[in-house]
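Visitor: fold the following and give me the result.
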Amino acid sequence: MEDPFLVVKEETEAGIREANRSLERWKKLASGTSNVARQERDTVKSKILGSLDLILSDISDLEEAVQAVERDRFRFNISQDEIANRKSFIRLARDQCSGIREELNRSVDMAPLQSIDRYTAAQQSQNRSNDVFIEKTMGQQQQIMRQQDEQLNVVGQSIGRLKEIGTLIGEEVEDQNVLLDDFYNDMGQTEKRMSNVQKKVNTILEKVDNKKQNIIIGILLVIMIIVVVLFFSF
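Guide: A predicted model of the protein is given here:
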C-alpha cells in the first residue's frame, strides 16, 4: 500500500508548480493597461489564491500526519531521518506558498503608468529582483538554522542516552566492588580459621610420637581439603 504522505506530497508539489506557472503568466499580464488585460489578470490572480488555499490545507493535513507518526514512530515503522525530511518538505512548501502570495500582494499595483520612462521601469524591475533574491536567501538561511536545531536535538538525545549508560555501568561496578569486598572478607576469615587449625595441629604434634603424627597429619590434610572444596563450592 502506497504511503498516503507521498501521494499528498506529489499533489502538493504539482500544485505549487502550477501556481508558479500561473504567477509568471500573471506577471506578463500586469504590463497590460486595457480593460481586457486587467480582467484576465484578476481572474488569474483569483485562481492562484484559490490554489494556494487548497495547497495550504493539504500542507496542514501533512503536518498533522507527521505529528501523529512522531508520537508513535515505532508503530508506523518510520525512521527519525524520514520524519525530519517530511518536516523539512512541509516547511519548504509552506514557504513557497507564502512567497507566491507575497509576490501577488507586493505586485498588486505593478502595472506601470504610461508616463513612466524606460529607466524607471528597469530600475523597478531590478529592485524587485533584489527583493526576491534577499527573501530567497533569508528563507534558505532560516531553513539551515532549523535543520541545525534539529541536529542539535538529536545530539542532545544521544548524549542523554550515553549518560544513562554511564550511570548503569557505574552502578554495576559498585555492585561488583561489594561482591569483591565480601569475597575478601570471607577469605580473611578462612585464613584465620586455617591459622587456628594449624596452631592446634602443632600443639597436638608436640604431644604425640612420630607415627601418630603422620596419621594425624594425614587426617588433618583430608579435612582441610574437604573444607576448601566445600568453601569454593558455595
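
Visitor: rest of the way, CA atoms for contacts and neighbours
Guide: Will do.

Visitor: does residue 78 sit in a helix, a strand or a coil?
Guide: Under the three-state scheme (DSSP: H, G, I helix; E, B strand; the rest coil), residue 78 adopts coil.

Visitor: for the closest residue in space to it that isn't next to it in sequence, give me phi and psi.
Guide: Nearest residue to residue 78 in three dimensions, chain neighbours excluded: residue 69, at 7.7 Å (CA to CA, 6 or more residues apart in numbering). With angles defined as degrees, to the nearest 10, residue 69 sits at phi -70, psi -40.

Visitor: residues touching residue 69, list them.
Guide: By CA atoms under 8 Å, 6 or more residues apart in numbering, residue 69 lies in contact with 75, 76, 78.

Visitor: most neighbours among those residues, which one is it?
Guide: Of all those, residue 78 has the most neighbours under the rule other CA atoms under 10 Å, reaching 13 neighbours.

Visitor: can you pull out the strands in the protein?
Guide: Counting by DSSP state E, the chain yields no residue ranges for strands.

Visitor: so, low pLDDT: which residues of it?
Guide: The model of the chain has pLDDT under 70 over residues 1-2, 31-33, 107-123, 125, 197, 201, 204-211, 213, 234.

Visitor: max-length helix in it?
Guide: Scanning the chain for the longest helix, with DSSP state H as the assignment, gives helix 118-207.

Visitor: elements contacting that helix?
Guide: helix 80-106 (3 or more CA pairs under 8 Å, 6 or more residues apart in numbering; DSSP states H and E).

Visitor: identify each buried residue in the helix it packs on, please.
Guide: 83-84, 86-87, 89-90, 93-97, 99-101, 104 (16 or more other CA atoms under 10 Å).

Visitor: what does stretch 66-74 give?
Guide: Those would be 66, 69, 70, for stretch 66-74 by 16+ other CA under 10 Å.

Visitor: redo these as a markdown table? Include distance to residue 162.
Guide: Shown next, in a markdown table, are these (distance: CA to CA, whole Å):
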| residue | distance to residue 162 |
| --- | --- |
| 66 | 28 |
| 69 | 25 |
| 70 | 22 |
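
Visitor: nearest to residue 124, out of those: which one, please.
Guide: Within these, proximity to residue 124 (CA to CA) peaks at residue 66, which comes in at 41.8 Å.
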